[in-house]
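Student: need coordinates for the below:
(2 chains)
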There are 2 protein chains.
Amino acid sequence: MNSVNAAIHDPLLERMNFLNEITHRYPNAISFGPGRPSERSFDVQRSLDFVGRYVESVAKEGKETSTEVWARIGQYGPTAGIIQDAVARYLTNDERIEVSPASIVITTGAQEAMTLLLIALFQPNDVLLVSDPSYIGMRGMAQLLRIPVELVPSSREGLTAEAVRAAIARVRASGRRPRALYDIPDFHNPLGTQMPVQTRQALLKLAEAEDFLILEDNPYGAFSFDGARLPTLKALDTSARVVYIGTFSKSIFPGTRMGFLVADQAQGQLASDLSKVKSYVTVNTSPLLQALVGGLLLENNFSLRARTAPMVALYRANRDAMVASLEGHVRRLGLEGQVLWNRPAGGFFLRLEIPAPFNEREMNLCASEYGVICCPMSFFSDAPSAGTQVRLSFSYVTAQEIDEGVGRLCRFFKERLLPGSAP
Amino acid sequence: MNSVNAAIHDPLLERMNFLNEITHRYPNAISFGPGRPSERSFDVQRSLDFVGRYVESVAKEGKETSTEVWARIGQYGPTAGIIQDAVARYLTNDERIEVSPASIVITTGAQEAMTLLLIALFQPNDVLLVSDPSYIGMRGMAQLLRIPVELVPSSREGLTAEAVRAAIARVRASGRRPRALYDIPDFHNPLGTQMPVQTRQALLKLAEAEDFLILEDNPYGAFSFDGARLPTLKALDTSARVVYIGTFSKSIFPGTRMGFLVADQAQGQLASDLSKVKSYVTVNTSPLLQALVGGLLLENNFSLRARTAPMVALYRANRDAMVASLEGHVRRLGLEGQVLWNRPAGGFFLRLEIPAPFNEREMNLCASEYGVICCPMSFFSDAPSAGTQVRLSFSYVTAQEIDEGVGRLCRFFKERLLPGSAP
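Tutor: Sure, this is the predicted structure:
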């Protein structure tokens, strides 16, 4: 054999796999671990019918017979995809994003979109800015590609324009170019925060002034609990500073592996360039699965709001249950003021803080002895402050599991991590 | 905007897209262009039933209900895949390759397998050796990742051990390390050649002596026209020198986007490392599509021989028709000795040589004025010798189209490229 790319064995990158491993190792534990959508919203078997629905609708246009369309979706297809029209209509309806289908590239999940951006955009002197903590997929891929990363520390409320400005200054001072900033403004993974509109506007101005792109990853925006949604950065973007990363993994189901990029920079030239890179990463996204997603969008008049409404209700109820359980168990165990948490306005995740370390060792102990899995914030960040924080997913559990799991977790805190605390 | 990775606009990398463009621009031309499987073998609509077949068979094992399996194939799944067992059995049956399922990583087509290998294996001082000409997907991705490539010129009969030895010496003389050699030993794209067994054995010895890996890409091996197949390099590999890249794009259909890697190096550690890289490229391969492929393999007792037999017969008949047409038209037009071609023993492609340049300009002229599309060898190679060669695909056309198309092509040669030739 021989050596491999050292980043593969970087502890931070490997931790992503620990979470999967531990979920398999303790299948009976209550899991607040992985950020998975609830399977109660799935309809995988029925969804296969949407492929036929897509085929019929294309055949009805009269240019191809249905036999020809069936064959075509089994064949190789255009690299940028076959459902950009449908995705553009969905973006208009659900995200107030108005873009030409030619600016859209269909990708094998949002993760491939990140891969394409990193390969296409970064020159040897360029730096990627990443909010810290953040979903590790972007930072991890940058490390594998040996692209320098500058971390932008987030406050408890998420990323601030001041922190970005300071990071830009650090990068410039080192003689390098800040090429792009990655963040998840809506219902951040792992923080559960939502970026205020003023911050969005300040970041857009900064991107213009400092000549960098914003890579806006929005897997959770559709899951807003408290009524009106904030506009995405892309919806506010008037000077083509934002590349938008979308996914149907949460709104349809992850097994579609269907994501997309919106890159209207340089009159669509960036989308075309990203598509060329894609031809060397996965050739094209399965036209069969695109037909499934296209048929589903068509059947839903190019809006997923009705489809996601019951999921939003479920996740909202779970958020409420988790917050109520935390309040109840923390009070009963006398942990008030020691265990702190936020109340996310949407998404899948809640951030919890304790005055004691919670890392891989504690995660394992908690899973094996208390039967509850949750994810140390240090899986997303090397910052010392991450060592006493935990990400709790409430998307993949029932209200009953939430109360039982939160109770166990609080007992673990009390008995193992904070043994000196009052009664 | 700003600059992008310069390799995106490398003329060689861009030429891959010209071929797609021209096929769309002249939809009525007879196309010997893209290397697509015949759609007569497709059964996309019926293939959806294999998903249910997979679900039932898993449920029958008794550990999960069918409802649970349906949900699971809609969810995120293990990065390395869910059908490695089935693929291992298929490899034993059809390719005489005996490997543990733990050495297999399911990928989003063979192209993702190449991406994973390039990211995982190459250190800054390492060089990729690529047979020249070759499928541009490997070389192109290496260029995008700024991995140095050393071309190994192929003879008319394909790659030789001598050429590889000389390339290794060049790399070492430059102070760099030859990390891996990429080739397509069976029914090479674009040459249509098959590597003799002695060359396979010599390359394996060389890989051992010179400490490099062989990346064996085998999309066409199942399509052997003349009886017995030669053993793959992987089947001959006794010292874990070969990483095998497989695909179901040609034997099932390309819309499955289903490929795989066999990497039994370092007791499966390499497969595990490649899988970690995959989690940062596409997270995991669609479990829904894996279920389709898994169900189809199950239904066929883990052998695709019966399924590919009619495809082999079709491609063999097409090869025969193309060779016969070439003989007939070349004779009639008095081009004997000027137009030369090989008679491939399998696969999709035939190599043709003329004593005049045939590049992008000629491709366009031939398509627009003679209504036939074929692919200049210079789309695969910068070598001067490629400038007078053409790749003809015979996989995607009917026997009638072949005779008409070859006739047109020969008239184009006669009237436009070789006007001085005898009547």
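Student: quickly check: stretch A:135-151 near chain B or not.
Tutor: Yes: judged by C-beta under 8 Å from any C-beta of the partner chain, stretch A:135-151 comes into contact with chain B through A:137, A:140-141, A:144-145. All C-beta spots, glycine's among them, are computed from the backbone N, C-alpha and C.
Student: chain B contacts on the stretch 251-400 of chain A?
Tutor: Residues of the stretch 251-400 of chain A lying close to chain B (C-beta under 8 Å from any C-beta) are A:253-257, A:265-266, A:269-270, A:273, A:276-277, A:279-289.
Student: can I get the residues of stretch A:135-151 next to chain B in TSV including pLDDT and neighbour count?
Tutor: Converted to TSV, the residues of stretch A:135-151 next to chain B look like this (pLDDT from 0 to 100; neighbours: other C-beta atoms under 10 Å in any protein chain shown):
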residue	pLDDT	neighbour count
A:Gly137	95	22
A:Gly140	96	25
A:Met141	98	25
A:Leu144	98	23
A:Leu145	98	19
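Student: secondary structure added to the residues you listed, as a markdown table?
Tutor: Listed next are the residues of stretch A:135-151 next to chain B as a markdown table, based on DSSP: H, G, I helix; E, B strand; the rest coil:
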| residue | secondary structure |
| --- | --- |
| A:Gly137 | helix |
| A:Gly140 | helix |
| A:Met141 | helix |
| A:Leu144 | helix |
| A:Leu145 | coil |
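Student: need the max-distance pair from the residues you listed.
Tutor: Using C-beta to C-beta, those reach their maximum pairwise distance at A:Gly137 and A:Leu145, which is 12.6 Å.
Student: give me the common contacts of these two.
Tutor: Both A:Gly137 and A:Leu145 lack any common contact, where contact means C-beta atoms under 8 Å, 6 or more residues apart in numbering or on different chains.
Student: strands of chain A, start to end?
Tutor: For chain A, the strands defined by DSSP state E occupy A:30-31, A:104-108, A:126-132, A:149-153, A:177-183, A:213-217, A:242-247, A:258-262, A:340-341, A:349-353, A:372-373, A:375-376, A:389-393.
Student: quickly compare these and say which is most buried.
Tutor: Comparing these by mean neighbour count (mean count of other C-beta atoms under 10 Å in any protein chain shown), strand A:104-108 ranks first with a mean of 30.
Student: what residues does that strand touch?
Tutor: Residues contacting strand A:104-108 (C-beta under 8 Å, 6+ apart): A:79-84, A:87-88, A:113, A:116, A:257-263, A:271, A:274-275, A:278, A:282, A:285-286, A:290, B:108, B:112, B:257, B:282.
Student: got the angle for it vs strand B:104-108?
Tutor: Angle of strand A:104-108 versus strand B:104-108, following axes from the mean of the first three to the mean of the last three C-alpha atoms, to 10 degrees, is 160 degrees.
Student: which of the residues of the stretch 251-400 of chain A next to chain B fall in helices?
Tutor: A:269-270, A:273, A:276-277, A:279-281, A:287-289 (DSSP state H).
Student: could I get the strands of chain A as TSV with mean pLDDT?
Tutor: Converted to TSV, the strands of chain A look like this (pLDDT from 0 to 100):
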stretch	mean pLDDT
strand A:30-31	96
strand A:104-108	98
strand A:126-132	98
strand A:149-153	98
strand A:177-183	98
strand A:213-217	98
strand A:242-247	98
strand A:258-262	98
strand A:340-341	98
strand A:349-353	98
strand A:372-373	96
strand A:375-376	96
strand A:389-393	98
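Student: nearest to B:Ser66, of those strands?
Tutor: strand A:30-31 (22.7 Å).
Student: show me what the closest one is packed up against.
Tutor: Strand A:30-31 is packed against strand A:372-373, helix A:399-412, with contacts defined by 3 or more C-beta pairs under 8 Å, 6 or more residues apart in numbering or on different chains; DSSP states H and E.
Student: most packed of those?
Tutor: Per residue and on average, the most neighbours among those fall to strand A:372-373, with a mean of 25 (mean count of other C-beta under 10 Å).
Student: and that strand, how far out from the chain middle?
Tutor: With C-alpha atoms, centre = their mean, to the nearest Å as the basis, strand A:372-373 stands 22 Å off its chain's centre.
Student: quickly run through the sheet partners of it, with directions.
Tutor: According to DSSP bridges, strand A:372-373 forms sheet pairs with strand A:30-31 (parallel).
Student: circling back to that earlier point, and the strands of chain A as TSV, adding distance to B:Pro190?
Tutor: Converted to TSV, these look like this (distance: least, C-beta to C-beta, whole Å):
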stretch	distance to B:Pro190
strand A:30-31	50
strand A:104-108	26
strand A:126-132	35
strand A:149-153	40
strand A:177-183	36
strand A:213-217	37
strand A:242-247	35
strand A:258-262	31
strand A:340-341	60
strand A:349-353	50
strand A:372-373	51
strand A:375-376	49
strand A:389-393	49
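Student: nearest to A:Thr65, of those?
Tutor: Comparing the strands of chain A by C-beta to C-beta, strand A:104-108 comes nearest, at 24.1 Å.
Student: mind saving the C-alpha coords of that closest one as CSV?
Tutor: Taking Å, rounded to 0.1, in the frame of the first residue of the first chain, the C-alpha atoms of strand A:104-108 are listed here in CSV:
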residue,chain,number,x,y,z
ILE,A,104,-29.2,26.0,-12.0
VAL,A,105,-27.1,22.9,-11.8
ILE,A,106,-28.7,19.7,-10.5
THR,A,107,-26.3,17.9,-8.2
THR,A,108,-26.0,14.5,-6.4
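Student: which helix runs longest in chain A?
Tutor: Identified as the longest helix of chain A according to DSSP H is helix A:305-332.
Student: give the buried residues for that one.
Tutor: For helix A:305-332, the neighbour count (16 or more other C-beta atoms under 10 Å in any protein chain shown) marks A:307-308, A:311, A:314-316, A:318-319, A:321-323, A:325-326, A:329-330 as buried.
Student: which residues of chain A score low on pLDDT?
Tutor: For chain A, the stretches with pLDDT under 70 are A:1-2, A:421-423.
Student: list the buried residues for stretch A:192-200?
Tutor: Residues A:192-195, A:199-200 are the ones in stretch A:192-200 that count as buried (16+ other C-beta under 10 Å).
Student: just the helices in the stretch 51-200 of chain A please.
Tutor: Along the stretch 51-200 of chain A, counting by DSSP state H, counting those that start in this stretch, helices occupy A:66-74, A:84-95, A:109-121, A:136-144, A:161-173, A:197-210.
Student: looking at those helices, which is closest to A:Val44?
Tutor: Closest approach to A:Val44 among those (C-beta to C-beta): helix A:109-121, 16.4 Å.
Student: that closest one versus helix B:109-121: what angle between them?
Tutor: Calculated by the same axes, to 10 degrees, helix A:109-121 forms an angle of 60 degrees with helix B:109-121.
Student: who are the neighbours of helix A:109-121, in terms of helices and strands?
Tutor: Applying 3+ C-beta pairs under 8 Å, 6+ apart, one finds that helix A:109-121 contacts strand A:104-108, helix A:136-144, strand A:177-183, strand A:213-217, strand A:242-247, strand A:258-262, helix A:269-281, helix B:269-281.
Student: surely A:Pro178 is in contact with A:Ala167?
Tutor: Yes: counting by C-beta atoms under 8 Å, A:Ala167 is a contact partner of A:Pro178 at 7.4 Å.
Student: hey, what's in contact with both of the two?
Tutor: Residues touching both A:Pro178 and A:Ala167 (C-beta under 8 Å, 6+ apart) are A:129, A:150.
Student: any idea how far the closest residue to A:Leu191 other than its chain neighbours lies from chain B?
Tutor: Closest residue to A:Leu191 apart from its sequence neighbours, by C-beta to C-beta, 6 or more residues apart in numbering or on different chains: A:Arg351 at 5.2 Å. Applying C-beta to the nearest C-beta, to the nearest Å, the value for A:Arg351 to chain B is 22 Å.
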